[in-house]
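A.B. asks: one predicted model, sequence on top.
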Amino acid sequence: MTTTEHSPSAAASGASATERFQQDKSPYDAVKNVSPERVDKLARQVLAGVHQTIRDNQVTYDEYNALKAWMIQVGLDGEWPLFLDVWVEHVVEDVNTAHRHGNKGSIEGPYYVPDAPEQGAEGTIPMRDGEAGDPLVWEAQITSTDGTPLQGKVELWHADADGYYSQFAPGIPEWNLRGTFSTGPDGKFKITTIRPAPYQIPTDGSCGKLIAAAGWHAWRPAHLHVKVSAPGHELLTAQLYFPGDPHNGDDIADAVKPELILDPKPDGHGGYTIDYGFVLDPVEG
Ligand code: MBD
Ligand code: FE
């Protein structure tokens, strides 16, 4: 895929991400859980930052109306989940995981779907016959910060070799490249999948308009998404990256950390093996 090629799925993926969020996150319950004191403080501080930006830059009415038109269109495109997860979530993730001693995490992004099909401790992620991409075999373990093996699960989801996610791009089987791997008490798992491609966020919607208008690029490095969980331990949401990816250093979503870069070994047959394990923090108290 090149930077000039358009995703066939920007509108569909925006609409799916918005709909999915409204189903899964009970956003209206979340609103009820934020106190008036916090809303007052946070809304004031965000607005003060906007006001200061306007004064510092002597913002014109043309610029103000461009912002208004763009914000309206983001909603119509269903791209608020994409906008927030690309340009805001990484700081929320940092703030909320800074206390951890175990694994570094990263952002969830807009394309997680819960309850992907169970594959056991050892299995192949659901994929199409002849799924494109280099085979990847991943053998590792979940442990606690004290080294104890944890019976837990790895939920894995990632894009295909063209950079598309099932359930957000059309024409892909529902659970393609999405699976849940539950370990035994030894915490060990062995997952077979394919190596995903670098990913360009949809360029033909409002987020793409912002990127083009600002002269930015739309790329994320190739990545595997995981949620790793075990009883009595904090849920780990992370992404794993491949060494040498041209966008590890300038991810549009700012979600790469050095601890999350894999060390794939060629398997001698065109595929790769990885042994990246997870260390989970016990829940305090
Ligand atoms: C992705 O695949 C992703 O992981 C993020 C964070 C944003 C957009 C697309
Ligand atoms: Fe992603």
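C.D. replies: Thanks, I have it. Ligands and ions are numbered 1, 2, ... in the order given.
A.B. asks: what mean pLDDT does the longest helix along the chain have?
C.D. replies: Ranked by residue count, the top helix of the chain under DSSP state H comes out as helix 36-57. Summarised as a single mean, pLDDT over helix 36-57 is 97.
A.B. asks: what about Thr53, distance to ligand 1?
C.D. replies: Note on Thr53: its distance to ligand 1, by CB to the nearest ligand atom, to the nearest Å, is 24 Å. In this view, the C-beta of every residue, glycine as well, is placed from N, C-alpha and C.
A.B. asks: all the strands of the stretch 151-285 of the chain, in order from the start?
C.D. replies: 153-158, 178-182, 188-194, 199-200, 219-220, 223-229, 236-241, 265-266, 272-274, 278-280 (DSSP state E, counting those that start in this stretch).
A.B. asks: by mean pLDDT, show me the worst of the ones you listed.
C.D. replies: strand 199-200 (a mean of 86).
A.B. asks: and the strands of the stretch 151-285 of the chain as TSV, adding mean neighbour count and distance to Leu84?
C.D. replies: Formatted as TSV, the strands of the stretch 151-285 of the chain follow (neighbours: other CB atoms under 10 Å; distance: least, CB to CB, whole Å):
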stretch	mean neighbour count	distance to Leu84
strand 153-158	22	19
strand 178-182	22	22
strand 188-194	20	28
strand 199-200	23	17
strand 219-220	24	15
strand 223-229	23	17
strand 236-241	22	15
strand 265-266	11	36
strand 272-274	18	30
strand 278-280	22	26
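A.B. asks: nearest to ligand 1: which residue in this structure?
C.D. replies: Among all residues of the chain, Gly109 sits closest to ligand 1, at 2.9 Å; criterion: CB to the nearest ligand atom.
A.B. asks: name the nearest residue to that residue, sequence neighbours excluded.
C.D. replies: Asp85 (4.9 Å; CB to CB, 6 or more residues apart in numbering).
A.B. asks: wait, a helix at the one you found?
C.D. replies: Yes: assessed with DSSP: H, G, I helix; E, B strand; the rest coil, Asp85 lies in a helix.
A.B. asks: quick check, it in contact with Ser106.
C.D. replies: No: the criterion here is CB atoms under 8 Å, and Asp85 misses it with Ser106 at 11.1 Å.
A.B. asks: the two: which is more packed in?
C.D. replies: For Asp85 versus Ser106, neighbours defined as other CB atoms under 10 Å are more numerous around Ser106 (28 against 22).
A.B. asks: the more buried one reaches Leu236, doesn't it?
C.D. replies: No: the pair Ser106 / Leu236 is not scored as a contact, 9.6 Å apart, by CB under 8 Å.
A.B. asks: neighbours of the spatially closest residue to Ala132 that is not a sequence neighbour, how many?
C.D. replies: Nearest non-adjacent residue to Ala132, counting by CB to CB, 6+ apart: Ala161, 3.9 Å away. By other CB under 10 Å, the residues close to Ala161 number 16.
A.B. asks: do the same with Val91
C.D. replies: Neighbour tally, Val91, other CB under 10 Å: 11.
A.B. asks: so which helix or strand takes in it?
C.D. replies: helix 89-97 (DSSP states H and E).
A.B. asks: what are the C-alpha coordinates of that helix, in PDB please?
C.D. replies: Only the C-alpha atoms of helix 89-97 are listed here, as PDB (Å, rounded to 0.1, in the frame of the first residue of the first chain):
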ATOM      1  CA  GLU A  89      -5.100   8.000  24.200                       C
ATOM      2  CA  HIS A  90      -1.300   7.500  24.500                       C
ATOM      3  CA  VAL A  91      -1.200  10.100  27.300                       C
ATOM      4  CA  VAL A  92      -4.100   8.600  29.200                       C
ATOM      5  CA  GLU A  93      -2.400   5.200  28.900                       C
ATOM      6  CA  ASP A  94       0.900   6.600  30.300                       C
ATOM      7  CA  VAL A  95      -0.800   8.300  33.200                       C
ATOM      8  CA  ASN A  96      -2.800   5.200  34.200                       C
ATOM      9  CA  THR A  97       0.000   2.600  34.000                       C
END
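A.B. asks: now do whatever helix or strand comes next after it: distance to the chain's middle.
C.D. replies: Note on helix 89-97: by DSSP H and E, the next helix or strand toward the C-terminus is strand 122-124. Relative to the mean C-alpha coordinate of its chain, strand 122-124 is positioned 22 Å out (CA atoms, centre = their mean, to the nearest Å).
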